[in-house]
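Peer 1: predicted coordinates and the sequence they were generated for:
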Amino acid sequence: QVQLVESGGGLVEAGASLRLSCVASGPNLRNTRMGWFRQSPGKERQFLARITWLEESTIYENSVKDRFTISIDKAKNTVNLQMIRLRPEDTAVYYCAAAYTQTTGYNFWGQGTQVTVSS
């Protein structure tokens, strides 16, 4: 089982930057892919980005790829999501997720961290 703990959310003004962190623990992390998602009230959960632990290969959702950057700090078992030029529509609960590379979907989820962007 992979356990995930997010941090770094908060209240910021439009145009600000924020970095979310997700500390991962569990067996065989090098065989996982790590993703960031978000969910706003009344909306479906939205994929934002993912990175493979071993190769650090990344994929982004088109609407955020110019503002969000996903990265891994392997020494700290931490996956980060750097967000710049935040907009009020970025307001959501942000979730970290993990899956072993031989599986589909994401099996492990963090508790979420709230990001609120004021206009």
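Peer 2: Looks like it arrived, so ask away.
Peer 1: every contact and neighbour count from this point should use C-alpha atoms.
Peer 2: Fine.
Peer 1: partner residues bridging the most centrally placed residue in the chain?
Peer 2: Nearest to the centroid of the C-alpha atoms of the chain, with distances taken as C-alpha atoms, centre = their mean, sits W36, at 2.6 Å. Bridge pairing for W36 (DSSP bridges) gives the partners A49, C96.
Peer 1: now do the contacts for S119.
Peer 2: E13, A14, R87, P88 (C-alpha atoms under 8 Å, 6 or more residues apart in numbering).
Peer 1: repeat that for 10 Å
Peer 2: Contacts were defined as C-alpha atoms under 10 Å, 6 or more residues apart in numbering; by that measure S119 touches V12, E13, A14, G15, L86, R87, P88, E89.
Peer 1: then A49?
Peer 2: Neighbouring residues of A49 by C-alpha under 10 Å, 6+ apart: 34-37, 58-62, 64-65, 68-71, 81, 96.
Peer 1: in strands, which of the residues you listed fall?
Peer 2: The subset of the contacts of A49 located in strands under the criterion DSSP state E comprises 34-37, 58-60, 68-71, 81, 96.
Peer 1: as a markdown table, those with distance to C22 and pLDDT would be great.
Peer 2: A markdown table is the format used below for those (distance: C-alpha to C-alpha, whole Å; pLDDT from 0 to 100):
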| residue | distance to C22 | pLDDT |
| --- | --- | --- |
| M34 | 9 | 97 |
| G35 | 10 | 98 |
| W36 | 9 | 98 |
| F37 | 12 | 98 |
| T58 | 16 | 98 |
| I59 | 17 | 97 |
| Y60 | 17 | 98 |
| F68 | 15 | 98 |
| T69 | 14 | 98 |
| I70 | 11 | 98 |
| S71 | 10 | 98 |
| L81 | 9 | 98 |
| C96 | 6 | 98 |
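Peer 1: only the buried subset of those residues, as a PyMOL command please.
Peer 2: The PyMOL command for the buried members of those (criterion: 16 or more other C-alpha atoms under 10 Å) is given here:
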select buried, resi 34+35+36+37+58+60+68+69+70+71+81+96
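Peer 1: so which bits of stretch 29-46 are buried?
Peer 2: For stretch 29-46, using 16+ other C-alpha under 10 Å, the buried residues are L29, T32, R33, M34, G35, W36, F37, R38, Q39, S40.
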